[in-house]
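> Predicted model and sequence below, questions to follow.
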Amino acid sequence: MRDFDLFYREHRDEIGRALAFTLRDPSLGFEAVDEAMTKAYQRWSKLGDTSNPAGWVYVVGLRWALSWRRSRRRERRREELNSELIPTTDGPAHADYVDLMDALSELPIDQRTVVVCRFSLGLSVRETAAALEIQEGTVKSRLSRALDRMRELTEERA
């Protein structure tokens with residue numbers, strides 16, 4: 001892999017600066033070039049013979065960085081949503097929320113899905129049935145069983 005060592009020394013900083021400029025983030029640019037260089041090293045036996053391995057590394061680094069940013073945005077949105085859902089106090093509202101989430105987590109997935117569609121998303125019985133591709137009667141029976149079970153579980157904990 002001697003050729004890769006030379007390629008790395010000659011091009012890593014140049015590609016990293018190009019990515020940093022493109023992404024407008026120096027730390028992300030250099031992290032991206034390192035990720036792409038790792039992939040280049042793994043494929044060097046084929047990649048080293050191409051006409052523009054530096055271009056390949058740049059594109060792979062750019063794709064990695066954009067994907068990383070998208071996943072970070074999704075993660076931040078999830079964190080924001082969770083922080084909005086969870087009461088911030090340690091009072092009764094928080095305890096009730098924790099009991100409710102514990103009970104919900106013990107339901108089978110089909111019942112849990114119906115409860116979330118109806119009460120978290122605010123869908124009607126008809127909309128829930130359409131979204132889950134099940135009959136309205138199935139929504140009603142699952143919801144009834146789920147609420148009965150959640151009631152039992154929260155009463156047991158009280």
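Cool, got the structure.
> Could you chop the protein up by domain?
2-83, 90-157 (automatic domain parsing).
> Buried residues, stretch 59-68. List them.
By 16 or more other CB atoms under 10 Å, the buried positions in stretch 59-68 come out as 60-62, 64-65. Using the backbone N, CA and C atoms, a C-beta is placed for each residue, glycine as well.
> would you list those residues in TSV and tack on secondary structure, distance to residue 27 and pLDDT?
Output for the buried residues of stretch 59-68, formatted as TSV (DSSP: H, G, I helix; E, B strand; the rest coil; distance: CB to CB, whole Å; pLDDT from 0 to 100):
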residue	secondary structure	distance to residue 27	pLDDT
60	helix	18	95
61	helix	13	95
62	helix	15	94
64	helix	14	95
65	helix	11	95
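> Let's have those residues in JSON lines, adding distance to residue 41.
What follows is the buried residues of stretch 59-68, written out as JSON lines (distance: CB to CB, whole Å):
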{"residue": "60", "distance to residue 41": "12"}
{"residue": "61", "distance to residue 41": "13"}
{"residue": "62", "distance to residue 41": "18"}
{"residue": "64", "distance to residue 41": "14"}
{"residue": "65", "distance to residue 41": "18"}
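> Tell me the one of those residues nearest residue 31?
Nearest to residue 31 out of the buried residues of stretch 59-68 is residue 65 (CB to CB; 7.5 Å).
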